[in-house]
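>>> What would the 3D arrangement of this be:
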Amino acid sequence: MATKTFSTVAQRRIQSELNEWLRSPPEGCLLESCEPMTSWVVLMQGPEGHGRLYADEVFRVKIEFSEQYPLDPPEVIFLSPAPIHPHIYSNGHICLDILYSGQNGGWSPALTMSKVVLSLRSMLASATEKRKPPGDAEYCARVGNRSPKLSKWVFEDDKV
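The predicted structure is shown next:
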């Protein structure tokens, strides 16, 4: 596996976000590891409150920064076992526009990992039922463990 060469901008930005996270972590989230600094694992508590489907659950989210971060989004996936959610595939891939750049993606360099994980918690909080996405088994069989950034996502459902 080739060693990634991170731009100076990427290194400074990741270090800055890491420092900010350690000073003021996002609600319900704990940084489990950040070794190397370009690969984070976050423990995410399911949102609490009345009617919250994931209130007693804890999930692990892996964040792999790209060499051109923040111009290029990081790879963000749920580690196994992934939440059962209409926008989260069994292999941990997440159908959420802010995680992707390109034609349909909503990634912005202004986003931080704190904002991303809060968006993931919000996505969990807004779910009305636990169910897998349509075509989950077929998608997982087709893409395996390759990067979700290589998938062609269609973002049409903003109700979950």
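>>> Could you measure from Gly92 over to Glu75?
Separation of Gly92 from Glu75 (CB to CB, to the nearest Å): 10 Å. Placement of C-beta: from N, CA and C, glycine included.
>>> The two: which has the busier surroundings?
Higher neighbour count among Gly92 and Glu75: Gly92, with 21 against 18, using other CB atoms under 10 Å.
>>> sorry, back to before: name the residues contacting each of Gly92 and Glu75.
Here Gly92 and Glu75 share the contacting residues Lys62, scored by CB atoms under 8 Å, 6 or more residues apart in numbering.
>>> Touching, Arg60 and Gln45? I think so.
No. Taking contacts as CB atoms under 8 Å, Arg60 lies outside contact range of Gln45: 11.2 Å.
>>> Let me see the contact set for Asp72.
Per CB under 8 Å, 6+ apart, neighbours of Asp72: 66, 101.
>>> Ok, the one 10 residues further on next?
Counting by CB under 8 Å, 6+ apart, Ala82 makes contact with 59, 88-92.
>>> Okay, helices next: where are they in the chain?
For the chain, applying DSSP state H gives helices covering 8-23, 113-125, 136-143.
>>> okay, the angle between the first one and helix 113-125?
Orientation note: helix 8-23 sits at an angle of 60 degrees relative to helix 113-125 (axes from the mean of the first three to the mean of the last three CA atoms, to 10 degrees).
>>> so where's the chain uncertain?
For the chain, the stretches with pLDDT under 70 are 1-3, 50-51, 156-160.
>>> For this structure, which segments count as strands?
29-33, 39-45, 58-64, 75-78 (DSSP state E).
>>> Show the backbone phi and psi for Glu129.
phi -160, psi 150 (degrees, to the nearest 10).
>>> That one touches Leu53, doesn't it?
Yes. Using CB under 8 Å, Glu129 is in contact with Leu53, at 7.3 Å.
>>> which of those two has more neighbours?
Leu53 (18 against 9).
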